[in-house]
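Colleague: next come a sequence and a model predicted from it.
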Amino acid sequence: MADDAHHPPTRRRDAQDNRDRLIAAAREVFAESGFDVPLDAIARRAGVGRATLYRNFSDRYALGSAIFASNVAALEALAAAHAGRPDAFTTLLSAIIEQQIASHALVPALLTGPGAPDLHALARRMTRLLAGPLRQAQAAAAIRRDLAPSDVLSVIAMVSAAVVGAPTLAARRRRATRALQLVLDGLVPRA
């Protein structure tokens, strides 16, 4: 089955710019104020009207799903840019954690919301994305040989859990950085 996130519909340039601004604004506003923020705040931040927001996204769940799809696309571009590099795995893992810090409020809401997006499809894309860099890091003895891509998703979930309840973006970043340091100590091979 084709993944629509890989082939978005063709839009006029101005319409695509509006959509991109809405996604960027939603990413910022959700990170600052949580998932229940009024959608008008996102439209204002993006510099578009309410009609433009609803023309692009039927509700906050569709907007949240678009953020995740955009995040995965950015990770895919990062993976391509770092292909073959020995630090590709840790670079991707750090980027994923940074995305989790910014979108911490989205996951619980999207998983329980009506018309929840296919987060499982996004997780499969992430697993595929991490598989090659993980194998390369393991071959270079930089990462434990018994670590599987599905384990990496568990690591991401553990680090994400560390930011829950942190009152600010800076506090989430501090907690996530510390959690990732602790986890990475468990990921490197033992002498």
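Modeller: That came in fine, so what should we check first?

Colleague: now the residue lying closest to Pro86 once chain neighbours are set aside: how far from Ala88?
Modeller: Excluding the flanking residues, the one nearest Pro86 by Cβ to Cβ, 6 or more residues apart in numbering is Ala140, at 5.2 Å. Glycine gets a C-beta too; all of them are placed from N, C-alpha and C. In this view, Ala140 and Ala88 are 10 Å apart by Cβ to Cβ, to the nearest Å.

Colleague: so these two - more neighbours on which side?
Modeller: Between Ala140 and Ala88, counting by other Cβ atoms under 10 Å, Ala88 is the more crowded of the two (21 against 11).

Colleague: residues in contact with the helix or strand where Asp14 lies?
Modeller: Element membership of Asp14 [criterion: DSSP states H and E] is helix 13-33. With Cβ atoms under 8 Å, 6 or more residues apart in numbering as the test, helix 13-33 has contacts from 11, 37, 41-43, 45-48, 52-53, 56-57, 63-64, 66-67, 70, 101-106, 169.

Colleague: the helix or strand following it to helix 13-33, inter-axis angle?
Modeller: Using DSSP H and E, the helix or strand that directly follows helix 13-33 along the chain is helix 39-46. Interaxial angle of helix 39-46 relative to helix 13-33 (axes from the mean of the first three to the mean of the last three Cα atoms, to 10 degrees): 120 degrees.

Colleague: buried stuff in helix 39-46?
Modeller: By 16 or more other Cβ atoms under 10 Å, the buried positions in helix 39-46 come out as Leu39, Ile42, Ala43, Arg45, Ala46.

Colleague: export the residues you listed as a markdown table, with columns for pLDDT.
Modeller: Listed next are those as a markdown table, based on pLDDT from 0 to 100:
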| residue | pLDDT |
| --- | --- |
| Leu39 | 95 |
| Ile42 | 97 |
| Ala43 | 97 |
| Arg45 | 97 |
| Ala46 | 97 |
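
Colleague: which one of those residues sits closest to Ala83?
Modeller: Nearest to Ala83 out of these is Ala46 (Cβ to Cβ; 32.8 Å).

Colleague: quick one, what contacts the closest one?
Modeller: Ala46 neighbours (Cβ under 8 Å, 6+ apart): Asn18, Arg21, Leu22, Ala24, Ala25, Ala26, Leu53.
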